[in-house]
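> here is a sequence together with a model predicted from it:
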Amino acid sequence: MSGDHDHDHHPEPESYAAVRARALESLLVEKGLVTTDAIDEIVRTYEHDIGPMNGAKVVARAWVDSGYKRRLLENGTEAIAELGFGGAEGAEIVVLESTPQVHNVIVCTLCSCYPWPVLGLPPTWYKDAAYRSRVVREPRAVLREFGLEVDESKEIRVWDSTASLRYMVLPERPAGTGDLPAEKLAELVTRDSMIGVGLARSRTEIA
Ligand code: FE
């Protein structure tokens, strides 16, 4: 565990934005301008496609550029800004490197703090009380439920995000990808691998 979770949630801009978004959604649906299905689809796109693509570019760049990787691990926010990403819910981002010895996984035990500029919107399960409490107590079992078996010899570090300090995982580069350019490598980087509940895909999975 790392970091204090002492941020004040009253008042917080996130919940104001959430309330406003819900009010707008109700109004638009009521006026027949959009359907809730269409909105769900937009949210799904942000969760799975648009959001994490930024993080994937960051990871791929770090895999091919050792200077960038050093800067990324030293000052995540600044290195991420080099690629043009930043802003809301990302004032301070710390990047954690997973290695053959250490596997990193992120959580927000108190609510749902998440690095929006690189990962987009958090998935629903990230906000669930079960994930938030269990991943701290029994990370290996929780990761197994995600389909990720972490060898007993490997240390698992769980990092508790806060509103003022958010984490992102730099996953291990898959073996046998030495010849791939950054644009192809980015396709291997999944949202879950940057949360730490999964690994980057092997190249055969995108072929
Ligand atoms: Fe939080």
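Cool, got the structure. Predicted model, so just to flag it, every value in this text is computed and none were measured. Numbering: from 1, shown residues only.
> please make it C-alpha for all contacts and neighbour counts, starting now.
Fine.
> now the helix or strand harbouring residue 158: how far from the chain's centre is it?
Per DSSP states H and E: residue 158 is located in strand 155-160. How far strand 155-160 lies from its chain's middle: 14 Å, per CA atoms, centre = their mean, to the nearest Å.
> could you dump the next helix or strand after that strand to PDB, C-alpha only?
Using DSSP H and E, the helix or strand that follows strand 155-160 in sequence is strand 166-170. Output of strand 166-170 as PDB, limited to C-alpha atoms (Å, rounded to 0.1, in the frame of the first residue of the first chain):
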ATOM      1  CA  ARG A 166      -3.000   9.000  -9.500                       C
ATOM      2  CA  TYR A 167      -1.100   6.000 -10.700                       C
ATOM      3  CA  MET A 168      -0.700   4.200 -14.000                       C
ATOM      4  CA  VAL A 169       1.100   0.900 -14.600                       C
ATOM      5  CA  LEU A 170       3.900   0.600 -17.200                       C
END
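> can you give me the strands for the chain?
Ranges of strands within the chain are 93-97, 102-107, 155-160, 166-170, based on DSSP state E.
> up against the ion, what does the protein have?
Counting by CA under 5 Å from the ion, the chain comes close to the ion at 110, 111, 112, 113, 162.
> one more time with 8 Å
5, 7, 108, 109, 110, 111, 112, 113, 114, 161, 162, 163 (CA under 8 Å from the ion).
> for the biggest helix by length in the chain, packing partners?
In the chain, taking DSSP state H as the definition, the longest helix is helix 13-30. Identification of packing neighbours for helix 13-30 by 3 or more CA pairs under 8 Å, 6 or more residues apart in numbering; DSSP states H and E yields helix 36-45.
> what helices and strands are in contact with the helix it packs on?
Partner elements for helix 36-45 (3+ CA pairs under 8 Å, 6+ apart): helix 13-30.
> list the buried ones in the helix it packs on?
By 16 or more other CA atoms under 10 Å, the buried positions in helix 13-30 come out as residue 25.
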